[in-house]
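1. The sequence and its predicted three-dimensional model are supplied below.
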Amino acid sequence: MQQKIIILDFGSQTTQLIGRRVRELDTFCEILPYNKFPKDDPSVIGVILSGSPFSVHDPEAFKVDLSQFVGRLPVLGICYGAQFISHTLGGKVEKADSREYGRAHLETINLYNPLFKGFDRGSQVWMSHGDTITAIPEGFEVIGSTKDVKNAAFASVEQPIWAVQFHPEVYHTSQGALLLKNFVVDICGSKQDWSAASFVETTVKELKEQVGNDRVILGLSGGVDSSVAAVLLNKAIGKNLTCIFVDHGMLRKNEFQQVMDDYKVLGLNVIGVDASEKFFNDLAGVTEPEQKRKIIGRDFVEVFNAEARKITDAKWLAQGTIYPDRIESLNITGKVIKSHHNVGGLPKEMNLQLCEPLKWLFKDEVRRVGRQMGMPEHLITRHPFPGPGLAVRILGDITPEKVRVLQDADDIYIRGLREYVDTDGETLYNKVWQAGAILLSPVRSVGVMGDERTYENPVALRAVTSTDAMTADWAHLPYDFLAKVSNEIINKVRGVNRVCYDISSKPPATIEWE
Ligand code: XMP
């Protein structure tokens, strides 16, 4: 049985990070909404309670019934999790005089407590909370204090309960990974047997059992997730897998053909559909970003479904959905910023069942699984690319000519990133999370080429660093690189006479411009 740690999510921004850290310890974990603890699941070996935007005193604060696991499984409360434990078991939580935010040091620390095994005295921790624990519950002892926070870490004397007000999952807590290892491996007893190789082996076996001799359809996008899902399924069921790759006409330059060739080499059975004309027709004159996204989403489903219907004996639809796509986020605001589209809206009459072999994996794990199966590096390290493609990187209405201009500029930029090897030996392409060019087609500016006046569009270059696309920083690309790319674009791409570099972080900007 695959052991697992349950992380109960109280809505903190860093809950996913806790999950990643646990997976880095080769231990399987599930992030579940705070009120969805799985009863009677013998594979659970420990529980972590996350942080939260709420104070325990807020009337709408999320609450969990601790008796479901306390006393039976080791528990670690982080930030709000720690405050909730304290508040519920008889301690006291009060508003801090000033928000406790930023770096602090564990000036006193109980190095005999198993949670702090191997810690250094004075170890740096990261605090971020508005409330503070002024009294710990009876039967607990303080095991770590900072200058300002006496009850920074505490533990039960009799039961396996630990609580820390700081965030071990963030990079700024220097020995946070060690703390989580002490909890997950030493305290909970993880066997650390969750690896790419074991994942491939068990998933191929499970897929064979799940799907049997049925036919499966899979929508490919050229991206890492759907490609890895396809290769896994191909390993399990071979020719019974049919992949569909729709070209909406707004992919990168030559990408459709290159990706089709890659898929052939991987031995996948792929139907490539060139539907660009339909997409261009339906998008003609449309400028509003959400409307563009809606049209593309709708057309995509139509084209995909028309192709899928031809495979009349199909029983399953497979998708490259990964864990972060699914985590039931406790969206406090409920506002839609952008409607992302992936394959959706199955043809109802086909009665297809859903098969999502990567649904438990984080992006870096998907890449490890791809490598484990021997997929080529350029497919595995490919940057994320939005489903609507260049349509959301051309401001204003879309025409085939604008797509061509942007494809050419983007191609120069991306090739440049792949070719430029930085001082640490890594290419710029591999150092950034994602990059692309944006055509600012509603804007024109004056330039001079030879003796001629030009009046053309600018192109913006965007490159960001990120771990999960939820937040991102603009990449500090070297000036010599930017200078070279700018020159090449302006000299070679007709219709572009100016290049800008986007220096906005997310938030408040987003990665894509539309
Ligand atoms: P934003 O622009 O919201 O993008 O900061 C976050 C990440 O999502 C990608 N993105 C999409 N991916 N379908 C996708 O599969 C979409 O419609 C879509 N829109 C944006 C974006 O490229 C970035 O990685």
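-> Everything's here; your move. Here the structure is a predicted model, which means the values were calculated and not measured.

2. Helix, strand, or coil at the closest residue in space to A82 that isn't next to it in sequence?
-> Of all residues not flanking A82 in the chain, A163 sits nearest, at 3.6 Å (Cβ to Cβ, 6 or more residues apart in numbering). The way it works is simple: take the backbone N, C-alpha and C, and place the C-beta from them, glycine included. Assigned state for A163: strand (three-state reduction, DSSP: H, G, I helix; E, B strand; the rest coil).

3. right, and A163 touches G81 too?
-> Yes: counting by Cβ atoms under 8 Å, G81 is a contact partner of A163 at 6.9 Å.

4. quick revisit: give the contact list for the residue nearest to A82.
-> 76-78, 81-82, 85-86, 140, 153-155 (Cβ atoms under 8 Å, 6 or more residues apart in numbering).

5. For it, name its beta-bridge partners.
-> Bridge pairing for A163 (DSSP bridges) gives the partners G77, F154.

6. what about the strands in the stretch 251-400 of the chain?
-> 270-274, 314-318, 353-355 (DSSP state E, counting those that start in this stretch).

7. Neighbouring strands of the first one in the sheet, and parallel or not?
-> By that I understand strand 270-274. strand 241-247 (parallel).

8. Ok, the second one next?
-> Under the criterion DSSP bridges, strand 314-318 sits next to strand 215-220 (parallel), strand 353-355 (parallel) in its sheet.

9. so which of those gets nearest S445?
-> Smallest distance to S445 across those (Cβ to Cβ): 39.2 Å, for strand 215-220.

10. Which neighbouring elements make contact with the helix or strand that the closest one is followed by?
-> From strand 215-220 onward toward the C-terminus, using DSSP states H and E, the following helix or strand is helix 224-237. Other helices and strands packing on helix 224-237, by 3 or more Cβ pairs under 8 Å, 6 or more residues apart in numbering; DSSP states H and E, are helix 196-211, strand 215-220, strand 241-247, helix 255-265, strand 314-318, helix 363-372, helix 377-380.

11. show me the contacts for A155.
-> 113, 115, 140-141, 143, 161-163.

12. I'd like the distance from it to G144, if you could.
-> Computed as Cβ to Cβ, to the nearest Å, the A155 to G144 distance reads 9 Å.

13. Also R309?
-> 61 Å.

14. So for those two, which residue has more residues nearby?
-> Neighbour totals were compared for R309 and G144, and G144 leads with 27 against 13 (other Cβ atoms under 10 Å).

15. I figured N430 hits T381, correct?
-> Yes: applying Cβ under 8 Å as the test, N430 and T381 come out as touching, 5.8 Å apart.

16. Does stretch 403-410 reach the ligand?
-> No: applying Cβ under 6 Å from any ligand atom, one finds stretch 403-410 separated from the ligand by no less than 13.2 Å.

17. Excluding its own residues, what touches that stretch? List them.
-> 249-250, 252-253, 390, 393-394, 436-439, 457, 459, 489, 492-496.

18. Just the buried subset of those residues, please.
-> For the contacts of stretch 403-410, a burial check counting by 16 or more other Cβ atoms under 10 Å picks out 249-250, 252-253, 390, 393-394, 436-439, 457, 459, 489, 493, 495-496.

19. Tell me who's in contact with V64.
-> So V64 contacts 8, 34-35, 37, 49, 84 (Cβ under 8 Å, 6+ apart).

20. Only whichever of those residues are buried, select them in ChimeraX.
-> In ChimeraX, a selection of the buried entries from the contacts of V64 looks like this (16+ other Cβ under 10 Å):
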select :8,34,37,49,84
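
21. Looking at the contacts of V64, which are in strands?
-> Among the contacts of V64, the ones falling in strands (DSSP state E) are 8, 49.

22. Widest-spaced pair of the contacts of V64?
-> Farthest pair in those, by Cβ to Cβ: F37 and F84, 13.5 Å.

23. Surely I237 and E209 touch.
-> No: applying Cβ under 8 Å, one finds I237 not in contact with E209, separated by 10.9 Å.

24. Which of the two has more residues huddled nearby?
-> I237 (21 against 9).

25. roughly how far apart are the more buried one and the ligand?
-> 25 Å (Cβ to the nearest ligand atom, to the nearest Å).

26. go on, V496?
-> Counting by Cβ to the nearest ligand atom, the gap from V496 to the ligand is 22 Å.

27. cool, and V142?
-> Taken as Cβ to the nearest ligand atom, the span from V142 to the ligand is 42 Å.
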